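>>> okay, predicted coordinates and the sequence, questions at the end:
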Amino acid sequence: MSVARRSQSVPDGAGGGLAPLRRLLDLNRPLVMGILNVTPDSFSDGGDFSQPAQAIAHAERMIAEGADIIDIGAESTRPYPGMTPVSQNDELSRLAPVLPAVVRLGVPVSIDTIKAGVARWALDHGAAILNDVWGLQRDPDMALLAAERGVPIVIMHNRNEADPAIDIVADIRGFFARSLDIAAQAGIAPEAIVLDPGIGFGKTPEQSIQAIARLREFEAFGLPILVGASRKRFINTVVATEPKQRLPGSLAAHLIAVENGAAIVRAHDVAETVQALRVAAAIREAT
Ligand code: HH2
């Protein structure tokens, strides 16, 4: 991709290598990544924002509520019987009327995709962060793209299926080590990497709870940690609830995640998450 072509399509203020995330992390407070799913079938808000105008308005609302990053996804990551993977063209046609407009709102945009082709398009249109729910272990071009563009990348733990017999924290650590190896071989700077234990991905509900409870065990990697517990199914095993009834459980999980060292939480309900984090910080500072 030529520099000339990229500079034509990237809006002012977008991109910027590692700087946008670094600036946010230097604020020394937990960051909130607001979720924007432009999908018909996401587990909790599928179809709510599949019209571009609704999606852009939702991003505006999340930014007004205090979102530090907007994470845009155009393919549901939820495995369900009979699901057909979304083609690259479908993913791009969902993103095209939304992502550039959200970039223009001025907050760093991350692209939640496992396809390097989609990620490349998003970076060309101003996305600042890659979010790979297969942690560089699915599409071999993802690591090369991240290295070539010098942008931050979220490496999330995943498994094809849950195995209740394993120590999930050991499994996540092993996965991170493999991903970091792939990243190093591709030439990704360590400062570009954020680790995410992948709450709800290839884990039993109990293992998702374990991952948050034992988050400190990932500190040895010396990298920022992101936790996405919002409306996830493990909450339902503690208190039976439908996804949109899981705000209290999501807040509890995110507060404990931050207590246990998370630097970023990924949330559907931004205003409520920001309020909970600020009140917790105020109480902590008063002790
Ligand atoms: N969770 C989801 C999607 N992307 N990315 C990261 N880094 N961490 C997460 O925990 C994570 C993620 C699933 O949530 P959601 O986007 O609401 O649902 P869906 O994948 O069905 O669109």
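Happy to help now that I have it. Values in this document were obtained by computation on a predicted structure and should not be read as measured data. Residues are numbered from 1 along each chain as shown.
>>> who in the stretch 101-250 of the chain is up against the ligand?
For the stretch 101-250 of the chain, the residues in contact with the ligand (CB under 6 Å from any ligand atom) are 112, 131, 133, 154, 156, 196, 198-199, 226, 228. No exception for glycine: its C-beta is placed from N, CA and C like everyone else's.
>>> report pLDDT for the closest residue to A192 other than its chain neighbours.
Distances taken as CB to CB, 6 or more residues apart in numbering place P152 nearest to A192, at 5.0 Å, with adjacent residues excluded. Looking at P152, its pLDDT reads 98.
>>> what number of residues lie near P152?
Using other CB atoms under 10 Å, P152 has 28 neighbouring residues.
>>> where's the residue of the stretch 151-287 of the chain found nearest the ligand relative to A101, distance?
Nearest to the ligand, among the residues of the stretch 151-287 of the chain, is G228, at 2.4 Å (CB to the nearest ligand atom). To A101, G228 is 24 Å away according to CB to CB, to the nearest Å.
>>> between these two, which one's more packed in?
Neighbour totals were compared for G228 and A101, and G228 leads with 30 against 18 (other CB under 10 Å).
>>> spit out the contact partners of that one.
33, 196, 198-200, 265-267 (CB atoms under 8 Å, 6 or more residues apart in numbering).
>>> filter these down to the ones in helices?
In helices, defined here by DSSP state H, there are no members of these.
>>> distance to R94, pLDDT and neighbour count for these - can I get that in CSV?
Below are those laid out as CSV (distance: CB to CB, whole Å; pLDDT from 0 to 100; neighbours: other CB atoms under 10 Å):
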residue, distance to R94, pLDDT, neighbour count
M33, 19, 98, 29
D196, 23, 98, 27
G198, 23, 98, 25
I199, 24, 98, 26
G200, 22, 97, 23
V265, 25, 98, 26
R266, 19, 98, 26
A267, 21, 98, 29
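>>> on that earlier part again, verify the contact between the residue nearest to A192 and V194 for me.
Yes - counting by CB atoms under 8 Å, P152 touches V194, with 6.3 Å between them.
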